[in-house]
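**Student:** Quick one, structure for this:
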Amino acid sequence: MKVLISDSLEQSCIDILTNEHLEVDNRPGIAPDELKKVIGQYDALVVRSSTKVTADVISAGQRLKVIGRAGTGVDNIDVDAATRRGVLVINTPGGNTISAAEHTVSMMLSMARNIPQAHKSLTAGEWDRKRFTGTEVFEKTIGIIGLGKIGREVAQRCQGLGMKALGYDPVIAADAASKQNIELVSLEEIYRRSDFISVHTPLTKETRGLLNDETLKRCKKGVRVINCARGGIIDEAALFRALESGHVAGAALDVFEQEPPHASPLLKHPRVVVTPHLGASTEEAQEKVAVQIAHSLTDALLGRGFSGVVNSTSMHLMLNAEVRPYVLLAEKLGSLAAQLTPGKVRRLTVGAAGDVVVSTLELLKAGILKGILSHTVPDPVNVISAPFIAKDLGLVVGEEKGGATDNFPTVVRLRYETEQETRELAGAVFGTSAIRLIAMDGFRFDVNPEGYLLIYYNIDKPGMLARVGTVLARHQVNIAGLSLGRVAAGGNALTIVNVDTDVPPPAVQELLGIEGVSNLKVVRIA
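**Tutor:** Take a look at the predicted model:
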């Protein structure tokens with residue numbers, strides 16, 4: 001497998017990748033047009049913040065399986081485009097947490113005490129102590145927007161300086177925040193009560209321009225703001241206006257809407273402290289993220305596990321030895337249904353019984369969709385991309401929970417309805433990993449859904465199996481296994497035959513010529 005590194009990374013990353021027998025091309029600073037031209041040769045791409053991994057780049061990456069971000073933020077990667085293509089996006093959560101938190105506090109203190117401005121004045125030969133009178137942070141209130149790992153570390157350090165920490169996060173629970181002495185409040189409370197506001201959210205549609213003309217007006221007069229997270233969370237034009245009016249007393253910015261921010265008037269504002277995106281720029285952080293992304297990338301490519309996955313929580317569940325066989329079963333049920341049932345899908349319902357499968361029903365639905373869509377769409381499909389492709393196609397998947405039987409307390413079921421017919425399938429796992437098809441259209445079976453399957457309805461009468469076997473033998477098709485489901489002797493039966501090779505068209509025609517045989521299909525389950 002081939003890996004392209006398009007931004008500067010520590011040598012340790014390259015060493016780990018090559019020691020895992022991956023072919024590595026280290027091309028930091030590669031031009032966007034060149035990246036798009038060559039990405040089709042690679043199975044994985046490793047970036048930091050400079051490379052823009054656009055939808056066009058992802059589309060050109062026909063072999064691309066993983067995009068690794070050596071850092072936390074992934075706003076330079078089109079995650080939706082990657083997900084739709086079934087490409088894993090992984091990052092290195094925690095690798096630069098301490099560095100980013102320390103830089104945030106450093107920026108806050110530098111802003112509060114006018115350290116950069118005083119340094120510049122002194123080195124210019126001036127001695128102007130009065131002009132650079134600062135403010136203490138002791139007993140001040142810091143409002144932290146976003147209580148992820150970095151936000152919580154910032155709170156801890158600010159508390160060590162004697163500050164009171166308020167926090168806003170739409171996900172974190174109040175008791176979890178209170179354990180760290182953070183008072184969880186609304187955004188309005190953050191604006192109203194904070195002397196300092198520090199943002200620690202990703203850049204999304206919801207957070208872009210979060211601090212703007214309107215929200216800054218609602219902040220306490222004399223507030224100081226810090227952004228060491230992502231450029232664009234603060235509307236820079238609005239911030240400049242608030243600084244000019246005096247409503248905002250100061251700002252400390254490590255990130256900008258455009259990087260480098262050559263034209264920003266904030267760079268020369270006397271009450272603004274700036275650094276060139278240095279939050280993760282420590283020797284320790286660079287080494288940590290380089291090592292972490294290398295291990296995560298090789299684990300994902302070589303099938304050993306998944307960590308730091310941004311676009312699919314399902315992949316974490318795939319590591320569970322108890323869950324994985326059921327996901328494979330779901331894929332096989334979907335593949336079988338797609339090959340058996342002609343016509344456009346009208347309705348799809350996935351059922352689950354048993355604690356293991358009920359708790360992972362979303363993942364099982366993704367597995368079934370993968371099995372179905374692999375036969376109906378031209379692009380590669382996996383459990384990451386399948387739900388997105390299905391949504392684009394307008395395919396709604398219903399779900400049913402419960403319905404276990406005494407024989408099979410843990411069951412995965414699929415009802416697959418098209419314009420022409422409906423098929424109902426059910427499967428189970430025997431022991432720890434033996435996948436079995438246990439029911440179809442109301443008939444009970446014990447079938448290994450693997451390889452070629454010959455499936456047909458027949459009248460349950462003596463000699464039927466012998467006649468089918470004779471036709472198959474004449475065409476050199478070897479029977480590997482057989483299971484017959486019936487309701488009553490002499491009635492309708494459904495037969496599934498495992499065969500070692502495909503059944504050629506002449507043999508299919510002969511089999512359909514046998515009186516009592518109908519609705520015959522040959523399918524292949526990977």
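
**Student:** Domain-wise, how is this protein divided?
**Tutor:** When the chain is parsed with automatic domain parsing, its domains come out as 2-92+285-311, 97-274, 312-447, 450-526.

**Student:** pLDDT on stretch 356-371, on average?
**Tutor:** Averaging pLDDT along stretch 356-371 gives 87.

**Student:** scratch that, stretch 10-17 is what I was asking about
**Tutor:** Here stretch 10-17 scores 95 as its mean pLDDT.

**Student:** Need the domains of the chain in TSV (columns: mean neighbour count).
**Tutor:** Where C-beta positions appear, they are placed from N, C-alpha and C, glycine not excepted. As requested, the domains of the chain are exported to TSV (neighbours: other CB atoms under 10 Å):
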stretch	mean neighbour count
domain 2-92+285-311	20
domain 97-274	18
domain 312-447	19
domain 450-526	16
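
**Student:** ok, of those, where does mean pLDDT dip lowest?
**Tutor:** domain 312-447 (a mean of 83).

**Student:** how near is the residue nearest in space to the middle of the chain to residue 385?
**Tutor:** By CA atoms, centre = their mean, the chain has its centre lying nearest to residue 311, at 1.1 Å. Using CB to CB, to the nearest Å, residue 311 is found at 9 Å from residue 385.

**Student:** where do the contact lists of these two overlap?
**Tutor:** In terms of CB atoms under 8 Å, 6 or more residues apart in numbering, residue 311 and residue 385 are both contacted by the residues residue 83.

**Student:** quick one: secondary structure of residue 9?
**Tutor:** Three-state call for residue 9 (DSSP: H, G, I helix; E, B strand; the rest coil): coil.

**Student:** for the chain, longest helix please?
**Tutor:** Secondary structure of the chain per DSSP state H: the longest helix is helix 283-301.

**Student:** contacts for it?
**Tutor:** Residues outside helix 283-301 that contact it (CB under 8 Å, 6+ apart) are 1, 3, 9-10, 12-14, 16-17, 20, 22, 43-44, 46, 65-66, 68-71, 88, 90-92, 95-96, 98-100, 280, 304-308.

**Student:** if we can go back for a sec, so who does the residue nearest to the centre of the chain touch?
**Tutor:** By CB under 8 Å, 6+ apart, the contact list for residue 311 reads 79, 82, 83, 88, 89, 384.

**Student:** same thing but at 10 Å, please
**Tutor:** Contact analysis of residue 311 by CB atoms under 10 Å, 6 or more residues apart in numbering lists 67, 74, 77, 79-80, 82-84, 86-90, 384-385, 388.

**Student:** What strand or helix carries residue 452?
**Tutor:** Taking DSSP states H and E as the criterion, residue 452 maps to strand 451-459.

**Student:** same for that strand, what does it pack against?
**Tutor:** Judged by 3 or more CB pairs under 10 Å, 6 or more residues apart in numbering; DSSP states H and E, strand 451-459 is in contact with helix 324-340, strand 443-447, helix 464-474, strand 479-486, strand 492-499, helix 505-512, strand 517-525.

**Student:** ok and the second one relative to strand 479-486, angle-wise?
**Tutor:** When axes from the mean of the first three to the mean of the last three CA atoms, to 10 degrees is applied, the directions of strand 443-447 and strand 479-486 differ by 160 degrees.

**Student:** three-state assignment of residue 18?
**Tutor:** With three-state DSSP as the basis, residue 18 sits in helix.

**Student:** What distance do you get for it to residue 301?
**Tutor:** As judged by CB to CB, residue 18 and residue 301 stand 13 Å apart.

**Student:** what touches both of those two?
**Tutor:** Counting by CB under 10 Å, 6+ apart, the contacts common to residue 18 and residue 301 are residue 3.

**Student:** can you give me the strands in the stretch 301-450 of the chain?
**Tutor:** Under the criterion DSSP state E, counting those that start in this stretch, the stretch 301-450 of the chain contains strands at 345-353, 397-401, 411-418, 422-430, 434-440, 443-447.

**Student:** a markdown table please, covering those strands and showing distance to residue 145.
**Tutor:** Listed next are these as a markdown table, based on distance: least, CB to CB, whole Å:
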| stretch | distance to residue 145 |
| --- | --- |
| strand 345-353 | 39 |
| strand 397-401 | 36 |
| strand 411-418 | 42 |
| strand 422-430 | 46 |
| strand 434-440 | 47 |
| strand 443-447 | 56 |
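
**Student:** Indicate which one of the ones you listed is closest to residue 211.
**Tutor:** Residue 211 lies closest, by CB to CB, to one member of the strands of the stretch 301-450 of the chain: strand 397-401, at 39.7 Å.

**Student:** Can you list the helices and strands that the closest one packs against?
**Tutor:** Counting contacts by 3+ CB pairs under 10 Å, 6+ apart, strand 397-401 packs against strand 345-353, helix 355-359, helix 361-373, helix 386-392, strand 411-418.

**Student:** Let's see that with 8 Å instead.
**Tutor:** Judged by 3 or more CB pairs under 8 Å, 6 or more residues apart in numbering; DSSP states H and E, the packing partners of strand 397-401 are strand 345-353, helix 361-373.

**Student:** Go through these and name the closest to residue 410.
**Tutor:** Across these, residue 410 has its closest neighbour in strand 345-353 (6.5 Å, CB to CB).

**Student:** Compute the inter-axis angle for the closest one and helix 324-340.
**Tutor:** If you take the same axes, to 10 degrees, strand 345-353 sits at 150 degrees to helix 324-340.

**Student:** could you dump strand 345-353 to PDB, C-alpha only?
**Tutor:** C-alpha atoms of strand 345-353 as PDB (Å, rounded to 0.1, in the frame of the first residue of the first chain):
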ATOM      1  CA  VAL A 345     -36.900  -1.100  -3.700                       C
ATOM      2  CA  ARG A 346     -40.100   0.200  -2.100                       C
ATOM      3  CA  ARG A 347     -39.400  -0.500   1.500                       C
ATOM      4  CA  LEU A 348     -36.600  -1.900   3.600                       C
ATOM      5  CA  THR A 349     -37.000  -3.000   7.200                       C
ATOM      6  CA  VAL A 350     -34.300  -4.300   9.500                       C
ATOM      7  CA  GLY A 351     -35.200  -6.300  12.600                       C
ATOM      8  CA  ALA A 352     -33.100  -7.300  15.600                       C
ATOM      9  CA  ALA A 353     -33.600  -9.400  18.600                       C
END
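
**Student:** Please enumerate residues in contact with it?
**Tutor:** In this structure, residues lying in contact with strand 345-353 by CB under 8 Å, 6+ apart are 330, 358, 361, 364-365, 368, 372, 395-404, 408-419, 426.

**Student:** related to what we said a few turns ago, quick one: residues in contact with the strand holding residue 452.
**Tutor:** Contacts to strand 451-459, defined as CB under 8 Å, 6+ apart, come from residues 336, 340, 440, 447, 464, 468, 472, 480, 490-503, 511, 514, 516-525.

**Student:** that older thread, would you list the helices and strands packed on strand 397-401 in TSV and tack on distance to residue 273?
**Tutor:** Putting the helices and strands packed on strand 397-401 into TSV (distance: least, CB to CB, whole Å) gives the following:
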stretch	distance to residue 273
strand 345-353	55
helix 361-373	45
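
**Student:** related to what we said a few turns ago, ok, of the contacts of residue 311, which one's closest to residue 230?
**Tutor:** Taking CB to CB as the measure, residue 230 lies nearest residue 74 of these, at 10.3 Å.

**Student:** residues in contact with the closest one?
**Tutor:** Shown in contact with residue 74 (CB under 8 Å, 6+ apart): 89, 91, 202, 310.

**Student:** ok, it to residue 203 distance?
**Tutor:** Separation of residue 74 from residue 203 (CB to CB) stands at 10 Å.

**Student:** Over to residue 140?
**Tutor:** For residue 140, the distance to residue 203 (CB to CB) stands at 27 Å.

**Student:** thought residue 482 was touching residue 493?
**Tutor:** No. Using CB atoms under 8 Å, residue 482 is not in contact with residue 493; the gap is 11.8 Å.

**Student:** check contacts around the residue nearest to residue 275 when sequence neighbours are not counted.
**Tutor:** Spatial nearest neighbour of residue 275, chain neighbours left out: residue 254 (4.9 Å); criterion: CB to CB, 6 or more residues apart in numbering. If you count contacts by CB under 8 Å, 6+ apart, residue 254 has them with 103, 104, 107, 227, 228, 274, 275, 276, 277, 278, 279.
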